[in-house]
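Trainee: Here is the input, now give the coordinates:
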Amino acid sequence: MLQHTVNLPVTGRVESAPSGPLLVLTERLEGHDTFLSGSLDLNGCQLPVRILTFDDLTVLRPTALAELPEKDTRWTGILSLPHGLRPGAVPADLAEAAERAGRSLAALDLQQLRYALAYLGEASTEAIRQARIQVIVSALPEEARTP
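Mentor: The predicted structure follows:
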């Protein structure tokens, strides 16, 4: 289910893009889920954002209209990640479901596994968690069977 919120002090600059303003972090986020939602406390205002971490930088894209500093302005804020840190280990219920189905979690590379675990970790109810386990397991390749 949902993990504890993590609050990170962040700094960055405002950039413009055709889709609207972007908040580019000074330092790339490491060890946190990306392409998920969060909230940035910017000067006491809560700004919902989409977190986009690429190879060399992290960008926050506001998901609601808000007054932002002007382009190239430096800013400081607190980024709240409701999904917490990336999960490190495969939870027992997922591992057991994969084993029962004859599917292999080992076929996933580290990035795919982190994505699947983050997806599972954001489940807000047990019913949603079970449905997400089924989705993940059904997407896994079947384990090679020995004759």
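Trainee: Run through the neighbouring helices and strands of the helix or strand bottoming out on mean pLDDT in the chain.
Mentor: Every helix and strand of the chain was ranked by mean pLDDT, DSSP states H and E. The lowest is helix 110-121, at a mean of 83. In terms of contacts (3 or more Cβ pairs under 8 Å, 6 or more residues apart in numbering; DSSP states H and E), helix 110-121 is packed against helix 126-139. Every C-beta, even on glycine, is put in place using the N, C-alpha and C of the backbone.
Trainee: and for the helix it packs on, what are the contacting residues?
Mentor: Residues from elsewhere that reach helix 126-139, judged by Cβ atoms under 8 Å, 6 or more residues apart in numbering: Met1, Asp93, Leu94, Ala97, Ala98, Ala101, Arg103, Ala116, Tyr119, Leu120, Ala123.
Trainee: Give me the mean pLDDT for that helix.
Mentor: The average pLDDT within helix 126-139 is 96.
Trainee: Equivalent analysis for stretch 23-39, please.
Mentor: 79.
Trainee: Quote the end-to-end distance of that stretch.
Mentor: 12 Å (Cα to Cα, to the nearest Å).
Trainee: returning to that earlier point: and the angle from the least confident helix or strand of the chain to helix 126-139?
Mentor: Interaxial angle, helix 110-121 versus helix 126-139 (axes from the mean of the first three to the mean of the last three Cα atoms, to 10 degrees): 150 degrees.
Trainee: what about helix 110-121, distance to the chain center?
Mentor: 9 Å (Cα atoms, centre = their mean, to the nearest Å).
Trainee: tell me the domain ranges of the chain?
Mentor: 6-81, 92-139 (automatic domain parsing).
Trainee: What is the distance between the shortest one and the centre of its chain?
Mentor: With Cα atoms, centre = their mean as the basis, domain 92-139 stands 15 Å off its chain's centre.
Trainee: what helix or strand is Ser16 on?
Mentor: Taking DSSP states H and E as the criterion, Ser16 maps to strand 6-17.
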